[in-house]
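1. Got a predicted structure here, sequence first:
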Amino acid sequence: MKVVIVGAGIGGTAAALALIKHGVDVTVLEQASAFGEVGAGVQMSPNANRVIDALGRLDAVMDVAMHPEAAVATSWNTGEHLRVIPYGEHVLRRWGYPYVHLYRPDLIAALSDGLPPGVARMGAKVVRVREEAGRAGAELADGDVVWGDVLVGADGIHSIVQQHLHGDKPARFTGNMAWRGLCPGDLAREMEIPVVSGLCWGPGSHFVNYYVGRRGQKALYNNWVGVVPYDGSAIESWRAEGRKEDALRDFEGWYPRIRNLIQAAPKVMKWALHDRDPLPFWSRGRVTLLGDACHPMLPFMAQGAAQGIEDGYVLARCLTADADPEEALQRYQRNRMERTAWVQEGSRRNERVFHLSDPDEVAARNARLAEEVKTNPDGVSADQSKLFSHDVVNGDLAA
Ligand SMILES: Cc1cc2nc3c(=O)[nH]c(=O)nc-3n(C[C@H](O)[C@H](O)[C@H](O)COP(=O)(O)OP(=O)(O)OC[C@H]3O[C@@H](n4cnc5c(N)ncnc54)[C@H](O)[C@@H]3O)c2cc1C
């Protein structure tokens, strides 16, 4: 069996590792000239780390990962703690794998270093998908066609493979814009920023921050993302450098730690957030999708990359369990679509919870959180538990 993967992001790279582990011959086609990741921080939850372990890359990932002690939700203007969920040893004991924070270039390097030489072909931009009886191919900009028994689109939110299957339907601008920056680790430590997963809820906006890029005992940066409403009109590119004074204006009145983190970033980026409704199908014939190509979502459950990693493992299991590749791709989508649609919808639901502005609704939300922590001492919600416990490595595959 030969599989061609379009895209060497986190999803495509993890899928290649999973297929190789299952004895499949793989070629990955990536338009960029080298492995790399845009953006700075990424959180990896136990469900993703379980897969990374099965791929043999857990030690490499843990070498550069930060281990937050807790997830701490705070109020935007007072910094008062609204909810503290213990992470660290607690998560490790309960789910067998840790919850960690990573610098994106570190994660992609830790994964891609596990690929045998020759699997990834860089500078290979796919311009068209080709289908013939019994095979599928990726046509490159230079006219070359790379054929396989199966073709997988892991080519991100603006996927050309997704377009091939579903027509040209642009992703939806969600009305949210993310400011992103990196505060140097030394400065963050001087500000006494704790090693936690920080989440701060304000009216119509929220702010996330955590350390990334462990070197020895210290982290290179405190990564932050501040999400604000936006009409989208002034963002020419979906990611572009912005002005710090504009970011500070969007976080006017927020408690000092938030504003200090923005102030300390050498540059700030702005990023328009897009998603899609769940697709009606992922697989047709010998062509399928994974990761953001089929389920791009708001980052409000921190699960986009994690779900792509799960996809790749399930795809590899289905392709090696079923003799007929077309049947295997149908089985793959049957095993994945419900879960990823649930995460896409949950991420949209979280937008409403995080961004409440009506004082009565805010008070009711905060009281509910306080109650949740009282009745459930480890503070982990039913949704998080459903996310973290899902085991695509050892769990049964549906028929
Ligand atoms: C602000 C923010 C924070 C986030 N935080 C988290 C988090 O904490 N945890 C988490 O799990 N997820 C998080 N996500 C989501 C996560 O970043 C994405 O879901 C994930 O990176 C998608 O990976 P992918 O491999 O599917 O797609 P991509 O990363 O988009 O990779 C696609 C690859 O395909 C290549 N490609 C595209 N077109 C072609 C072509 N025609 N030919 C050849 N190659 C091509 C691209 O160059 C790229 O390398 C966050 C997202 C955002 C915006």
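-> Looks like it arrived, so ask away.
2. Can you classify Leu273 as helix, strand or coil?
-> Under DSSP: H, G, I helix; E, B strand; the rest coil, Leu273 falls in the strand class.
3. Contact partners for the nearest residue to it once chain neighbours are set aside?
-> Sequence neighbours aside, Asn176 is the residue nearest to Leu273 in space, at 4.3 Å (criterion: C-beta to C-beta, 6 or more residues apart in numbering). Every C-beta, even on glycine, is put in place using the N, C-alpha and C of the backbone. Applying C-beta atoms under 8 Å, 6 or more residues apart in numbering to Asn176 gives the contacts Val227, Val228, Pro229, Tyr230, Ala272, Leu273, Leu298, Glu351.
4. Show the buried residues in those residues.
-> Buried by 16 or more other C-beta atoms under 10 Å: Val227, Val228, Tyr230, Ala272, Leu273, Leu298, Glu351, out of the contacts of Asn176.
5. which two from those residues end up farthest apart in space?
-> The most widely separated members of these are Ala272 and Glu351, with 14.5 Å between them, by C-beta to C-beta.
6. between the buried ones among the contacts of Asn176, which is nearest Gly312?
-> Nearest member of the buried ones among the contacts of Asn176 to Gly312, counting by C-beta to C-beta, is Leu298, at 21.6 Å.
7. With adjacent residues omitted, what lies nearest to the closest one?
-> In space, Leu298 is closest to Ser347, 4.2 Å off (C-beta to C-beta, 6+ apart).
8. low-scoring stretches of this protein, by residue?
-> Residue ranges of the chain with pLDDT under 70: 232-239, 377.
9. In the stretch 51-200 of the chain, what residue comes closest to the ligand?
-> Gly156 (2.6 Å; C-beta to the nearest ligand atom).
10. Just the buried positions in stretch 110-122, please.
-> Neighbour-count burial for stretch 110-122 flags Ala110, Leu111, Ser112, Gly114, Leu115, Val119, Ala120 (criterion: 16+ other C-beta under 10 Å).
11. That should have said stretch 55-66, apologies.
-> Buried residues in stretch 55-66 (16+ other C-beta under 10 Å): Leu55, Arg57, Leu58, Ala60, Val61, Met62, Val64, Ala65, Met66.
12. Please tell me I have it right and the third one contacts Asn49.
-> Yes. Counting by C-beta atoms under 8 Å, Asn49 is a contact partner of Leu58 at 6.5 Å.
13. follow-up on the earlier one: how about a markdown table for the buried residues of stretch 55-66, with distance to Tyr103 and secondary structure added?
-> Listed next are the buried residues of stretch 55-66 as a markdown table, based on distance: C-beta to C-beta, whole Å; DSSP: H, G, I helix; E, B strand; the rest coil:
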| residue | distance to Tyr103 | secondary structure |
| --- | --- | --- |
| Leu55 | 19 | coil |
| Arg57 | 15 | coil |
| Leu58 | 17 | helix |
| Ala60 | 13 | helix |
| Val61 | 11 | helix |
| Met62 | 13 | helix |
| Val64 | 7 | coil |
| Ala65 | 9 | coil |
| Met66 | 9 | strand |
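14. In which helix or strand does Met269 reside?
-> strand 268-275 (DSSP states H and E).
15. C-terminal to that strand, what's the next element?
-> Heading C-terminal from strand 268-275, the first helix or strand you meet, by DSSP H and E, is strand 287-289.
16. distance of Thr288 from Lys21?
-> Distance of Thr288 to Lys21, computed by C-beta to C-beta, to the nearest Å: 18 Å.
17. Compare those two (neighbour count), which wins?
-> Thr288 (32 against 15; other C-beta atoms under 10 Å).
18. Tell me which residues touch Leu92, please.
-> Counting by C-beta under 8 Å, 6+ apart, Leu92 makes contact with Pro98.
19. Confirm it sits in a helix?
-> Yes. According to three-state DSSP, Leu92 belongs to a helix.
20. Next, the closest residue to Val161 other than its chain neighbours: phi, psi?
-> Spatial nearest neighbour of Val161, chain neighbours left out: Gly153 (2.4 Å); criterion: C-beta to C-beta, 6+ apart. Phi and psi for Gly153, reported as degrees, to the nearest 10, are phi -90, psi 110.
21. okay, now Ala399: neighbour count?
-> Neighbours of Ala399 (other C-beta under 10 Å): 7.
22. measure it to the ligand for me?
-> Noted for Ala399: a distance of 27 Å to the ligand, by C-beta to the nearest ligand atom, to the nearest Å.
23. my guess is that residue meets Arg331, correct?
-> Yes. Using C-beta under 8 Å, Ala399 is in contact with Arg331, at 7.1 Å.
24. Mind checking what secondary structure Gly123 has?
-> coil.
25. Return the residues in contact with it.
-> Neighbours of Gly123 in contact, by C-beta under 8 Å, 6+ apart: Glu30, Gln31, Ala32, Ser33.
26. Then Asp277?
-> Taking C-beta under 8 Å, 6+ apart, we find Asp277 in contact with Arg172, Gln344.
27. Same question for Gly88.
-> With C-beta under 8 Å, 6+ apart, Gly88 has these contacts: His67, Pro68, Glu69, Ala70, Pro98.
28. Please pick the buried ones from those residues.
-> His67, Pro68, Ala70, Pro98.
29. Can you tell me the SS state at the last one?
-> Remark: Pro98 carries the secondary structure label coil [criterion: three-state DSSP].
30. Now it: closest residue in space that isn't a chain neighbour?
-> Leu92 (5.0 Å).
31. gap between the one you found and Glu69?
-> 12 Å.
32. Then Arg93?
-> 14 Å.
33. Tell me, how many residues neighbour Arg317?
-> Neighbours of Arg317 (other C-beta under 10 Å): 20.
34. Spit out the contact partners of it.
-> Neighbour list for Arg317: His22, Val392, Leu397 [criterion: C-beta under 8 Å, 6+ apart].
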